[in-house]
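Chemist: here you go, sequence then predicted model.
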Amino acid sequence: MSTEARRPPLFHKAEAESKSFWGELKGFALKGNVVDLAVAVVIGGAFVLFLVIDKLLRARQAPAQPTTKTCPFCMETIPKAATRCRACTSEVVVEV
């Protein structure tokens with residue numbers, strides 16, 4: 001058996017001419033690579049949209065209030081509610 005006899009014909013001239021534009025487009029669109037590309041584009045777009053919205057929402061949030069203050073006598077960092085400095089034991093004013 002020759003190799004030509006084992007190979008199926010790709011397209012006959014009549015079959016190629018009878019395919020419509022939509023039939024060819026459907027055959028192309030249903031190939032695996034095109035569907036994979038479309039899914040990847042949708043997922044990528046959703047990810048970018050998520051990042052943009054996240055960035056906008058974070059920009060609107062108020063900055064967190066500091067939980068520490070500086071001792072006016074020794075410049076040590078102490079908790080905001082402290083009444084005495086832990087380094088120099090000076091009395092400090094409690095900020096409200």
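Modeler: Sure thing, it's come through.
Chemist: list of residues touching stretch 88-95?
Modeler: Contact with stretch 88-95 is made by 69, 71-74, 76, 78, 80-85, as judged by CB atoms under 8 Å, 6 or more residues apart in numbering. For every residue, glycine as well, the C-beta is placed using N, CA and C.
Chemist: hmm, 6 Å instead?
Modeler: With contacts defined as CB atoms under 6 Å, 6 or more residues apart in numbering, stretch 88-95 is touched by 71, 73-74, 83-85.
Chemist: what about C85, neighbour count?
Modeler: 20 (other CB atoms under 10 Å).
Chemist: now for it: which residues touch it?
Modeler: 71, 76, 78, 92.
Chemist: kindly recompute the last result at 10 Å.
Modeler: C85 sits next to 69-78, 91-92 when contact means CB atoms under 10 Å, 6 or more residues apart in numbering.
Chemist: and the two most separated of the residues you listed?
Modeler: Across those, no pair lies farther apart than T77 and E91, at 16.9 Å, counting by CB to CB.
Chemist: next one: stretch 77-96 to chain centre, how far?
Modeler: A distance of 44 Å separates the centroid of the chain from that of stretch 77-96, by CA atoms, centre = their mean, to the nearest Å.
Chemist: for stretch 20-40, same thing?
Modeler: The answer for stretch 20-40 is 27 Å, by CA atoms, centre = their mean.
Chemist: now do the end-to-end distance for that stretch.
Modeler: Taking CA to CA, to the nearest Å, stretch 20-40 runs 29 Å from one end to the other.
Chemist: which one's the longest helix in this structure?
Modeler: helix 32-60 (DSSP state H).
Chemist: by contact count, what packs against whichever helix or strand comes after that helix?
Modeler: On the C-terminal side of helix 32-60, the nearest following helix or strand under DSSP states H and E is strand 68-70. If you count contacts as 3 or more CB pairs under 10 Å, 6 or more residues apart in numbering; DSSP states H and E, strand 68-70 packs onto strand 77-79.
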